[in-house]
Structure formats: structure tokens, C-alpha cells
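[1] Here is my input, please return the structure:
(one chain, ligands or ions: 1)
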Amino acid sequence: MAQISHWHILGAGSMGCLWAYYLAKAGHQVSLIVRDTDCCDDKEQIIECVIDDAIFTEKARVVQLRQKPAIDNLLICLKAHQTPPLIAELRPVIKANTTIVLLQNGLGNQELIANQFSNNAVYAAVTTEAALSQQKFKVKHTGKGQTSIGPLSDTTDVDLLEKISCALHCVEEQQINKMLWEKLIINCCINPLSCVCQCKNGALANNKEAIELIEKIVHECIDIAKHADIDISFSVMYQKVITVINKTAENTSSMRQDVLNHRKTEIDYMNGYMIKLARQHSLASPVNAQLTQQVKSLLPV
Ligand code: KPL
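    Below is the predicted model:
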């Protein structure tokens with residue numbers, strides 16, 4: 001390996017542990033940042049990764065947020081709504097040359113972080129890797145994919161691809177904003193509908209009402225996207241949604257997993273983000289509003 005980097009990972013869910021495992025396996029130093037009450041002091045932690053029913057292990061360090069570690073490279077794999085308060089807490093340990101990569105569903109935090117750390121190299125990532133959390137620090141790698149990484153800021157880190165190099169395939173993407181929007185529209189369709197219809201992703205393809213709603217959501221979202229300078233055609237976007245439904249047919253969407261586990265969902269950063277943007281541009285967003293309300297009604301306030 002050409003370069004050994006030290007990565008701090010914020011968020012020890014499925015994606016956080018998947019990256020921790022693969023970065024450590026590639027020889028990088030990995031520290032998982034946890035919240036103070038989650039764990040004891042700085043210690044070594046075994047990260048387990050299940051691949052094709054075999055269990056592999058790597059070592060990472062677990063550090064508490066209050067230890068305010070010195071951070072060279074930060075990979076944020078938190079749920080969207082957990083991000084703003086934790087980033088605020090980490091602010092004192094983000095140095096001028098800390099590289100930040102944000103890997104999460106939804107939109108909203110990318111802009112927030114790029115603005116808050118305007119002098120840092122800030123990147124967003126979109127991944128098609130599939131992973132399922134099995135227990136704390138144990139993840140199942142359920143599908144190999146690709147991770148596209150692109151800059152959100154003018155400051156860039158020319159070594160980033162080398163620093164993050166491991167067996168997870170990464171590519172540089174200059175149009176990351178468009179990719180984030182496409183992923184957002186996919187999530188705005190599949191995530192709430194899988195909750196409302198109480199089904200795995202694949203079942204949406206055989207549900208006539210869901211398909212009709214998907215057409216309406218895509219129309220509504222691409223109209224809103226135009227106001228963020230994102231031009232996507234209906235037919236291309238609709239086909240992308242159907243392709244992801246078929247490719248992830250056996251998946252329980254992350255939002256449905258949250259609902260089933262009585263956890264707060266990311267709806268405010270998906271359909272809720274669409275509603276907010278529509279309002280700013282005096283556009284109507286009735287389908288996104290209806291789905292947001294339906295998903296929120298599935299959980300106690
Ligand atoms: O990103 C996803 C999610 O569940 O959050 C999809 C693409 C819908 C796959 O399940």
C-alpha cells in the first residue's frame with residue numbers, strides 16, 4: 001500500500017463498521033468515534049465483517065467524543081439527523097487540513113458541513129455497497145458495489161483516493177451534487193413507500209398503486225430539482241428508481257428498518273428536504289408532503 005492514513009469514523013452503524021473493517025484490513029489506522037456513554041475509554045476493538053457466511057476480523061480503536069481526538073481524516077457515516085449536533089461537538093478538533101468525507105443518505109448536511117468548514121477539503125460520497133448491521137461492531141457485507149466521491153468545497157485533497165484506498169472500490173466523481181440528487185430521488189420513492197406498504201424494496205415493483213405514486217414522486221422531485229440547477233429527465237430518473245428496486249429487491253429499506261425498530265427516520269432529510277426546497281421556491285409538493293406525514297404517523301412523536 002502506497003500510503004497509510006489515519007481515519008476517524010463517526011458513526012458505528014453498518015456503513016461505519018464496513019469502512020472500519022476494510023480500511024483497517026488495507027493497513028490504515030482506524031478510530032471509531034463513539035458518544036461518551038456508549039463505551040469505556042480509548043480501547044482496541046475487534047470489528048467483525050461477515051462475507052459469504054465467513055467471519056473476518058480487524059482491529060480498530062474506539063475513542064470517545066469527549067476525548068476530542070486529533071483528526072486528520074474524518075469519515076462521517078451517521079444518520080442524517082444525528083450529524084449536526086455531533087459535528088458541532090467535534091468542531092474544536094477539526095484542523096485546517098482535516099479532510100472530511102460525508103457518506104450518508106439524504107440532503108441538507110452536505111451544505112451545512114461545506115459551509116461550516118469552508119476552508120477544509122470536504123467531500124460527499126454516494127455508495128452502492130450494501131451492508132447490514134448484525135450487532136455492535138459486527139457487520140454483514142451483503143453486496144459489493146462502488147463508492148463515488150466528489151468535492152463539495154473548492155479546497156480539495158489531491159491524495160484522497162490514495163488515502164481511502166482499500167478493497168472497497170472508490171471512484172472520483174466531479175458531478176457529485178447530481179449523484180446526490182439522483183440518490184435522494186431514489187430514496188424519496190423507495191424509503192417511504194416501503195414503510196407505508198410494509199414490504200421489502202422488490203415488492204414495490206408489483207404494486208400498481210406504489211408504481212403510480214413513484215411516477216408522481218419522480219415528477220414532483222425533478223421539478224423541485226430544477227430549482228437547485230439539477231436537470232434530470234423523467235424517463236431516466238424513473239428508470240433509475242425501478243432499477244434500484246429490482247437490484248435491492250431483497251432489502252428492507254433503511255427507513256423501514258428504522259420504523260420497525262422504533263427509531264427516528266431520515267424522512268426530514270429526504271421527502272422533508274424536498275418539501276422545504278419546494279416551499280422556498282413557491283412550488284407545491286403534495287405527494288412528498290403526504291408521504292412524510294404518513295411515515296411520521298408510523299412512529300410515536
Ligand atoms: O438507500 C437505500 C436505503 O434503504 O436507504 C435503498 C437504495 C433504498 C436501498 O435499500
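
[2] Helix, strand, or coil at Lys95?
    Of the three states, Lys95 takes strand under DSSP: H, G, I helix; E, B strand; the rest coil.

[3] so it makes contact with Ala70?
    Yes - counting by C-beta atoms under 8 Å, Lys95 does reach Ala70; the two are 7.3 Å apart. Every C-beta, even on glycine, is put in place using the N, C-alpha and C of the backbone.

[4] Mind jotting down where the strands sit in the stretch 51-200 of the chain?
    Taking DSSP state E, counting those that start in this stretch, the strands of the stretch 51-200 of the chain run over residues 54-64, 71-76, 94-103, 121-127, 130-135, 138-143, 147-151, 170-172.

[5] Of those, which is nearest His6?
    Proximity to His6 (C-beta to C-beta) singles out strand 71-76 among the strands of the stretch 51-200 of the chain, at 5.1 Å.

[6] The closest one versus strand 54-64: what angle between them?
    In terms of direction (axes from the mean of the first three to the mean of the last three C-alpha atoms, to 10 degrees), strand 71-76 departs from strand 54-64 by 120 degrees.

[7] any idea whether Ile47 is helix, strand or coil?
    Ile47 is classified as strand under three-state DSSP.

[8] tally of neighbours for it?
    Look at Ile47: counted by other C-beta atoms under 10 Å, it has 26 neighbours.

[9] His81 now?
    Neighbour tally, His81, other C-beta under 10 Å: 17.

[10] Check the gap between it and Gly272 for me.
    10 Å (C-beta to C-beta, to the nearest Å).

[11] Check Cys221 too.
    Distance of Cys221 to Gly272, computed by C-beta to C-beta: 13 Å.

[12] which residues are common contacts for those two?
    With contacts defined as C-beta atoms under 8 Å, 6 or more residues apart in numbering, the residues adjacent to both Cys221 and Gly272 are Asn288.

[13] Who has more neighbours out of those two?
    Looking at Cys221 and Gly272 with other C-beta under 10 Å, you find the greater number of neighbours at Cys221, namely 30 against 23.

[14] How many residues are close by the nearest residue to that one once chain neighbours are set aside?
    Excluding the flanking residues, the one nearest Cys221 by C-beta to C-beta, 6 or more residues apart in numbering is Ile185, at 4.5 Å. Neighbours of Ile185 under the rule other C-beta under 10 Å: 26.

[15] How about Asn246?
    Around Asn246 there are 12 other residues, counting by other C-beta under 10 Å.

[16] again with the one 10 residues further on
    The burial metric for Arg256, expressed as a neighbour count using other C-beta under 10 Å, is 25.

[17] Check Gln110 too.
    Other residues near Gln110 come to 20 when the count uses other C-beta under 10 Å.

[18] so who does it touch?
    Residues in contact with Gln110, defined by C-beta under 8 Å, 6+ apart, are Leu102, Ala124, Leu152, Leu180.

[19] Asn177 now?
    The contact partners of Asn177, by C-beta under 8 Å, 6+ apart, come to Ala124, Gly150, Leu152, Ile230.
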